[in-house]
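> any chance you could fold what I've pasted below:
(one chain, ligands or ions: 2)
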Amino acid sequence: MNLGIDLGTSRVVIYDPAAGVVLDEPAVIAVARDDGHVIACGTEAEEMLGRTPDSILAVRPVQKGVIAEYELAEKLLRHCLQRVCSNRIAKPCVAVSVAEKVTDVEQRSFIEAVVSAGARRVTLVPETVAAAIGAGIDVSLPLGQMIVNAGGGTVDASVLSLRGEAVFSSIRVAGSAMDDAIIRYLRARHGLIISETTAERLKIRIGCALPEDPELTAPAKGRDALTGLPRMVQMTSTELCEAISEPLQDMLDMVQRVLEITPPELAGDIINNGICLTGGLAQLRGLPELLARSTGVACHVADNPAQCVAIGAGKALQYASAFSAVYDLGNYTYRLSDNVTN
Ligand SMILES: Nc1ncnc2c1ncn2[C@@H]1O[C@H](COP(=O)(O)OP(=O)(O)OP(=O)(O)O)[C@@H](O)[C@H]1O
Ligand SMILES: [Mg+2]
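Ligands and ions are numbered 1, 2, ... in the order given. Okay, here's the model as predicted:
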């Protein structure tokens, strides 16, 4: 059995090439503080965020694309793998996507978490390579293909050619940073304190990279910063656009830098093929238009952008020999770079 796993800052997605996407849930786990037993995972655990009593800890184990809480990431993966493999005896071969900028130690922590969660063999696939494969791009061609994968914790941009990344850059400013910016905006402009979950819901409902016409509106519910009492403010898409302008600009600057350092031959290919946008944040209204406007290159959103990475990781297993970071239970060998051996 083969599986592609995308354990992200926001969501965990598992793809089985034989059955399609078999799991797509928030990457959140709730455990008991005293003995660490798992109380809830995924959607159920996300609903507990910010609402738990002292005896329960609800957290996102991956932060900005990197495992921040190793034991909890392992427990979350184990729980997810058990759910999708419950009626199978053989341990799965797993391809996991990882953010490109992670260190060897961080790579190993991903591998170990997946192995101890029950995988037989683990292959690491760079996130933008997986995103490109999942978006249906043939990454084996000697053609420059630009992918921008915008998630919860990171935005990655690469120019791929011949299965490798010719140019790559990443910033740890993405969907969650926009949620934080929305929280700061409401506090400063409306004296209202809102939760991260409320901020994310506002971004999804009325967030936009370019002003919407006609304007969209949605209520923001929170606590008054002065009186401490519950209060509601009607928010508009124009305000949301202003609230997220800084993280958006950081993202545009990063994509522009990647284009500036792309070799001319590949840049020519990108003009022909355009930029492919993947990741959950690709669904932000107006983002492809804004990206196209600021780069002068056409930009399109992949089908099913939020699941592309897991789908591509699962499909990448057929090219597994092309990826260097492989762990095989049969011989206990890490084939990462030289400073990580076991
Ligand atoms: N319709 C939407 N409009 C705007 N943003 C959205 C929408 N749907 C999801 N998002 C945002 O996309 C982000 C999650 O994207 P994704 O699932 O690709 O992240 P991830 O893979 O978990 O994170 P990372 O790759 O950074 O570790 C979240 O910030 C979420 O709020
Ligand atoms: Mg991701």
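> mind checking how far the residue in the stretch 1-150 of the chain that ligand 2 sits nearest to is from residue 135?
Closest residue of the stretch 1-150 of the chain to ligand 2, Cβ to the ion: residue 8 (3.8 Å). In short, each C-beta sits where N, CA and C put it, glycine included. Residue 8 is 16 Å from residue 135, where distance means Cβ to Cβ, to the nearest Å.
> also residue 291?
15 Å.
> gap between the residue of the chain positioned farthest from its centre and ligand 2?
When distances to the mean C-alpha position of the chain are computed (Cα atoms, centre = their mean), the maximum falls on residue 227, with 37.1 Å. Per Cβ to the ion, to the nearest Å, residue 227 is found 39 Å from ligand 2.
> how confident was the prediction at that residue?
Residue 227 carries a pLDDT score of 98 in this model.
> please apply the same query to residue 174.
Residue 174 is given a pLDDT of 97.
> show me what the closest residue to it other than its chain neighbours is bridged to.
Closest residue to residue 174 apart from its sequence neighbours, by Cβ to Cβ, 6 or more residues apart in numbering: residue 155 at 4.8 Å. Note on residue 155: beta-bridge partners residue 150, residue 171, judged by DSSP bridges.
> what's near enough to touch residue 155?
Shown in contact with residue 155 (Cβ atoms under 8 Å, 6 or more residues apart in numbering): 148, 149, 170, 171, 173, 174, 251, 254, 279, 281.
> out of the residues you listed, list just those in helices.
251, 254 (DSSP state H).
> adding distance to ligand 2 and neighbour count, write the contacts of residue 155 out as TSV.
Formatted as TSV, the contacts of residue 155 follow (distance: Cβ to the ion, whole Å; neighbours: other Cβ atoms under 10 Å):
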residue	distance to ligand 2	neighbour count
148	12	26
149	6	36
170	11	22
171	13	19
173	14	21
174	9	28
251	14	26
254	16	17
279	6	30
281	9	27
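> so which of the contacts of residue 155 are also by ligand 1?
174, 279, 281 (Cβ under 6 Å from any ligand atom).
> surely the last one meets residue 151?
Spelled out, that is residue 281. Yes - the criterion here is Cβ atoms under 8 Å, and residue 281 meets it with residue 151 at 6.2 Å.
> need the residues touching each of those two.
Common neighbours of residue 281 and residue 151 (Cβ under 8 Å, 6+ apart) are 174, 175.
> any residues touching the helix or strand that contains residue 44, and which ones?
Using DSSP states H and E, the element containing residue 44 is helix 43-46. The contact list for helix 43-46 (Cβ under 8 Å, 6+ apart) reads 25, 26, 28, 29, 30, 39, 58, 197.
> so the first one, which state does it fall into?
Judged by DSSP: H, G, I helix; E, B strand; the rest coil, the three-state class of residue 25 is strand.
> and it, how far is that from residue 17?
20 Å.
> settle it for me: which of those two has more neighbours?
residue 25 (19 against 14; other Cβ atoms under 10 Å).
> ok, the closest residue to that one other than its chain neighbours - how many residues close by?
In space, and not counting its chain neighbours, residue 25 is closest to residue 42: 3.1 Å by Cβ to Cβ, 6+ apart. The tally of other residues near residue 42 (other Cβ under 10 Å) stands at 21.
> re earlier: in the helix holding residue 44, what counts as buried?
45, 46 (16 or more other Cβ atoms under 10 Å).
> C-terminal to it, what's the next element?
Following helix 43-46 toward the C-terminus (DSSP H and E): strand 56-59.
> each with direction, which strands does that next one pair with?
strand 29-32 (antiparallel).
> avg pLDDT for the partner strand?
96.
> check whether it comes near ligand 1.
No - applying Cβ under 6 Å from any ligand atom, one finds strand 29-32 out of contact with ligand 1, separated by at least 13.9 Å.
> what does that strand contact?
37-41, 44-45, 48, 52, 55-59, 61, 72, 75-76, 79.
> narrow these to just the buried residues.
39-41, 45, 48, 52, 56-59, 61, 72, 75-76, 79.
> of the residues you listed, which pair is most distant in space?
Pairwise distances across the buried ones among the contacts of strand 29-32 peak at 17.6 Å for 52 and 79 (criterion: Cβ to Cβ).
> low-confidence ranges, the chain, go.
Where the chain drops to pLDDT under 70, the residues are 319-342.
> so the spatially most central residue of it versus residue 280, what's the distance?
Centroid-nearest residue in the chain: residue 151, 3.7 Å away (criterion: Cα atoms, centre = their mean). Plainly put, residue 151 is 6 Å away from residue 280 if you go by Cβ to Cβ.
> give me the neighbour count for the residue nearest to residue 274 when sequence neighbours are not counted.
In space, and not counting its chain neighbours, residue 274 is closest to residue 298: 3.7 Å by Cβ to Cβ, 6+ apart. Each residue near residue 298 was counted by other Cβ under 10 Å, and the total is 14.
> in this structure residue 298 contacts residue 292, no?
Yes - Residue 298 lies in contact with residue 292 (Cβ under 8 Å); the separation is 5.7 Å.
> what sits in contact with each of the two?
With Cβ under 8 Å, 6+ apart as the test, residue 298 and residue 292 both reach residue 275.
> residue 152 is in contact with residue 12, isn't it?
No - here residue 152 does not reach residue 12: they are 11.3 Å apart, not a contact under Cβ under 8 Å.
> sorry, back to before: between the contacts of residue 155, which sits nearest residue 269?
Of the contacts of residue 155, the one sitting nearest to residue 269 (Cβ to Cβ) turns out to be residue 148, at 15.5 Å.
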